[in-house]
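J.: build me a structure from this.
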Amino acid sequence: MTTNDIWLIAGLGNPEAKYEGTRHNAGFAALDYLAGKWEIPVTKAKFQGLWGQGEVGGHKVCLLKPLTYMNLSGDSIAPLASFFKIPAGHVIVLCDDITQAPGKLRIRPSGSAGGHNGLKSIIARLGTEAFPRIRIGVGEKPRPDYDLADWVLGRFSEEEAKAVAGRRPDIEAAARLIMDGKLGEAQNRYNR
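T.: Numbering: from 1, shown residues only. Presented below is the predicted three-dimensional model:
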């Protein structure tokens, strides 16, 4: 392990209990899964978020749940990354994706925000789009006139919740591959 081999994995969501289980909190739920699997308590309050540190597969890892609300996620992620001197390429973001069916994953090394306000905030604060992200499908609005905020702040059906939860082991495996420098392999295996 090199001294600068440190990664930040941030799960996006909204902090209040009323948002638990909503589509927009798919990133929080995925981060909770990683924290449990890797035995890294995400309980330290700093950087406008809850975070914890540990080691995974020889990599130093910071796990972060921004408590800024979704649209200001970068206000939590950028200060933590700066404090630990984590380059943008080592910041993995877990977030919801309304363009993908529930449970479908879309892993990318970089890219635009694609209309996602949390990603928009991170791009603005990091000053780059060049950070990996694992976008978690939460399903499209049922009809074009349906209010987007109502949709992403709504809850999954039982079937949708199972589909999303069923992909968490793949998210964990993909995050490990990304940290090992095998993002292409993560895409080939888990972009489905």
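J.: hey, let's count contacts and neighbours off CA atoms from now on
T.: Fine.
J.: low-confidence ranges in the chain?
T.: Applying pLDDT under 70 to the chain flags the ranges 1-4.
J.: what segments of this structure are helices?
T.: 26-38, 74-83, 117-126, 148-152, 158-165, 168-179, 183-190 (DSSP state H).
J.: columns distance to Glu16 on top of these, output as TSV?
T.: Listed next are the helices of the chain as TSV, based on distance: least, Cα to Cα, whole Å:
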stretch	distance to Glu16
helix 26-38	12
helix 74-83	16
helix 117-126	16
helix 148-152	15
helix 158-165	19
helix 168-179	22
helix 183-190	30
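J.: and of these, who's closest to Lys46?
T.: Nearest to Lys46 among these is helix 74-83; the distance by Cα to Cα comes to 8.4 Å.
J.: one step back: dump the helices of the chain into a markdown table; add mean neighbour count and distance to Val91 as well.
T.: Putting the helices of the chain into a markdown table (neighbours: other Cα atoms under 10 Å; distance: least, Cα to Cα, whole Å) gives the following:
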| stretch | mean neighbour count | distance to Val91 |
| --- | --- | --- |
| helix 26-38 | 21 | 13 |
| helix 74-83 | 20 | 8 |
| helix 117-126 | 20 | 10 |
| helix 148-152 | 15 | 24 |
| helix 158-165 | 15 | 22 |
| helix 168-179 | 20 | 10 |
| helix 183-190 | 16 | 13 |
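J.: of all those, which one comes closest to Ala45?
T.: That would be helix 74-83 among those, by Cα to Cα, at 10.9 Å.
J.: my read: Trp38 touches Gly57, true?
T.: No: if you go by Cα atoms under 8 Å, Trp38 and Gly57 don't touch, sitting 9.8 Å apart.
J.: just want the most central residue of this protein.
T.: Leu94 (1.3 Å; Cα atoms, centre = their mean).
J.: tell me who's in contact with Ile6.
T.: For Ile6, the contacting residues are 59-62, 86, 90, by Cα atoms under 8 Å, 6 or more residues apart in numbering.
J.: so which of these sit within strands?
T.: 59-62 (DSSP state E).
J.: which single one of the contacts of Ile6 is nearest to Asn25?
T.: Set against Asn25, the nearest of these by Cα to Cα is Cys62 (19.0 Å).
J.: would you confirm that the closest one contacts Gly49?
T.: No: Cys62 is beyond contact range of Gly49, at 11.8 Å (criterion: Cα under 8 Å).
J.: okay, and the common contacts of those two?
T.: By Cα under 8 Å, 6+ apart, no residue touches both Cys62 and Gly49.
J.: check the gap between the closest residue to Ala88 other than its chain neighbours and Asp170 for me.
T.: Nearest non-adjacent residue to Ala88, counting by Cα to Cα, 6 or more residues apart in numbering: Phe131, 5.2 Å away. Distance of Phe131 to Asp170, given as Cα to Cα, to the nearest Å: 19 Å.
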